[in-house]
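K.L.:
sequence plus predicted model, see below.
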Amino acid sequence: MPNVYVEPLPKHRDGAIEGYALELSATRRLTTVDYRTQADAIKAARANGYKPLVARVRQTDKGNPDHWRAAD
């Protein structure tokens with residue numbers, strides 16, 4: 001099962017999280033949908049056959065495994 005990143009939006013900005021996106025890489029989204037909650041994004045990732053990874057920190061780097069953990 002391939003990984004997909006559950007990325008908080010807006011990206012690279014401190015402040016309130018407005019939604020979540022599913023991304024395959026830093027430049028490629030899995031879907032164009034902005035999910036209202038992290039749980040909704042995780043559910044959609046699993047429904048599409050992906051293993052969701054959620055951010056441990058607000059400003060993420062997909063090349064740094066310390067910034068990500070597997071969704072429960």
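P.N.:
Done, it's in.

K.L.:
just the pLDDT at N64, thanks.
P.N.:
At N64, the model reports a pLDDT of 72.

K.L.:
any idea how far it is from I17?
P.N.:
20 Å (CB to CB, to the nearest Å). For the C-beta atoms, the positions are set from N, CA and C on the backbone; glycine is no exception.

K.L.:
just checking: what are the partner strands of the longest strand along the chain?
P.N.:
Ordering each strand of the chain by length in residues (DSSP state E) puts strand 3-9 first. In the sheet, strand 3-9 lines up against strand 19-23 (antiparallel), strand 51-55 (parallel) (DSSP bridges).

K.L.:
in this structure V54 contacts I42, no?
P.N.:
Yes: contact criterion CB atoms under 8 Å: V54 and I42 qualify, at 7.2 Å.

K.L.:
and the residue lying farthest from the centre of the chain, helix, strand or coil?
P.N.:
Using CA atoms, centre = their mean, the residue of the chain lying farthest from its centre is G15. It sits 16.9 Å away. When classified by DSSP: H, G, I helix; E, B strand; the rest coil, G15 comes out as coil.
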